[in-house]
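Peer 1: give me a model of this one.
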Amino acid sequence: LAKIPTMVAAFKQMRKGDDPVRPRDDLDYAANFLYMLNEEEPTPLEAHVFDVCLTLHAEHTINASTFSALVTASTLTDPYAVVASAVGTLAGPLHGGANEEVITMLETIGSVENVHPYLEERLQRKEKIMGCGHRVYKVKDPRATILQNLAEQLFKESGTDKYYDIALELEKAVEEKLGHKGIYPNVDFYSGLVYRKLGIPSDLFTPVFAIARVAGWLAHWKEQLAVNRIFRPTQVYTGTHDSPYVPMEAR
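Peer 2: Residues are numbered from 1 along each chain as shown. Alright, predicted model coming up:
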């Protein structure tokens, strides 16, 4: 838990050619990460906002990466391998990385006036609207509501972001066009805007997700050990039957 945020912050510094910033004993978990990342102590609000973000992302039942962690844990391997397995799953674009794509989408839209034409074009091509829709929630993701409030608090303290206005208009348009299908903003819709305001580069959004979710992965790992049974699903064969064997030289 302690090492992952330190590694992510160190990576950000080292790729610039700078030395890693050492953590401070007087700062808490969230504040220390922002300090190591940005080389300056965050404001109390910034530290609070990031702490809430970590809590919101720490656990969310059996999502893809958590399931991967459980399968790996069931083999009784070590927790490092469990986390590595989960991180590998999180790296897939259908699981991690959606909030980074939301930022790219908002930048592509460019202005409030372009929201509706952009949405219409995406819908005509039957393409997804990034940051909208969820396998579980058929209403607005409650985590998105909290993140939206956090974004507004940050904007009041340190200035607004034009992409937030675009996001607000896009949310209205999506609700109008897709609300009847149960498609609303999810946790990724506003989190990228919050992370940007905290000085987190967009290509580190997924590693930041891992910083938060590792707590949930390890909690599931510990629970799995208490009632462990190795995962071994069965398969239903749907191929052909009675296929003749063809010798190698005849293939």
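
Peer 1: so how far is residue 216 from the residue nearest to residue 225 when sequence neighbours are not counted?
Peer 2: Take residue 225 and drop its neighbours on the chain: the residue closest to it by CB to CB, 6 or more residues apart in numbering is residue 73, 6.9 Å away. In this view, the C-beta of every residue, glycine as well, is placed from N, C-alpha and C. According to CB to CB, to the nearest Å, residue 73 stands 13 Å off from residue 216.

Peer 1: these two: who's more crowded?
Peer 2: Neighbours were counted for residue 73 and for residue 216 using other CB atoms under 10 Å; residue 73 has more, 27 against 19.

Peer 1: and the helices in the chain?
Peer 2: 3-14, 29-38, 44-57, 64-73, 79-90, 98-109, 115-124, 142-158, 162-178, 187-197, 205-226 (DSSP state H).

Peer 1: what packs against the second one?
Peer 2: What it means is helix 29-38. The contact analysis (3 or more CB pairs under 8 Å, 6 or more residues apart in numbering; DSSP states H and E) places helix 29-38 against helix 3-14, helix 44-57.

Peer 1: tabulate the ones you listed (TSV), appending mean neighbour count, mean pLDDT and distance to residue 153.
Peer 2: Listed next are the helices and strands packed on helix 29-38 as TSV, based on neighbours: other CB atoms under 10 Å; pLDDT from 0 to 100; distance: least, CB to CB, whole Å:
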stretch	mean neighbour count	mean pLDDT	distance to residue 153
helix 3-14	17	97	22
helix 44-57	19	97	6
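
Peer 1: save the ones you listed as TSV, and put in distance to residue 211 too.
Peer 2: Shown next, in TSV, are those (distance: least, CB to CB, whole Å):
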stretch	distance to residue 211
helix 3-14	5
helix 44-57	7
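
Peer 1: nearest to residue 152 among those helices would be which one?
Peer 2: Closest approach to residue 152 among these (CB to CB): helix 44-57, 10.5 Å.

Peer 1: pull the distance from the closest one to the chain's centre.
Peer 2: 15 Å (CA atoms, centre = their mean, to the nearest Å).

Peer 1: please apply the same query to stretch 233-250.
Peer 2: That offset, for stretch 233-250, works out to 41 Å (CA atoms, centre = their mean).

Peer 1: ok, stretch 244-251 next?
Peer 2: Counting by CA atoms, centre = their mean, stretch 244-251 comes out at 49 Å from the chain centroid.

Peer 1: ends of it, what's the gap?
Peer 2: By CA to CA, to the nearest Å, the extent of stretch 244-251 from end to end equals 12 Å.

Peer 1: just to revisit the earlier point, most packed of the helices of the chain?
Peer 2: Most buried of the helices of the chain, by mean neighbour count (mean count of other CB atoms under 10 Å): helix 187-197, with a mean of 25.

Peer 1: quick one: pLDDT of residue 91?
Peer 2: We have a pLDDT of 92 for residue 91.

Peer 1: could you dump the helices of the chain to a markdown table with distance to residue 235?
Peer 2: A markdown table is the format used below for those (distance: least, CB to CB, whole Å):
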| stretch | distance to residue 235 |
| --- | --- |
| helix 3-14 | 35 |
| helix 29-38 | 43 |
| helix 44-57 | 33 |
| helix 64-73 | 15 |
| helix 79-90 | 20 |
| helix 98-109 | 30 |
| helix 115-124 | 36 |
| helix 142-158 | 35 |
| helix 162-178 | 35 |
| helix 187-197 | 33 |
| helix 205-226 | 23 |
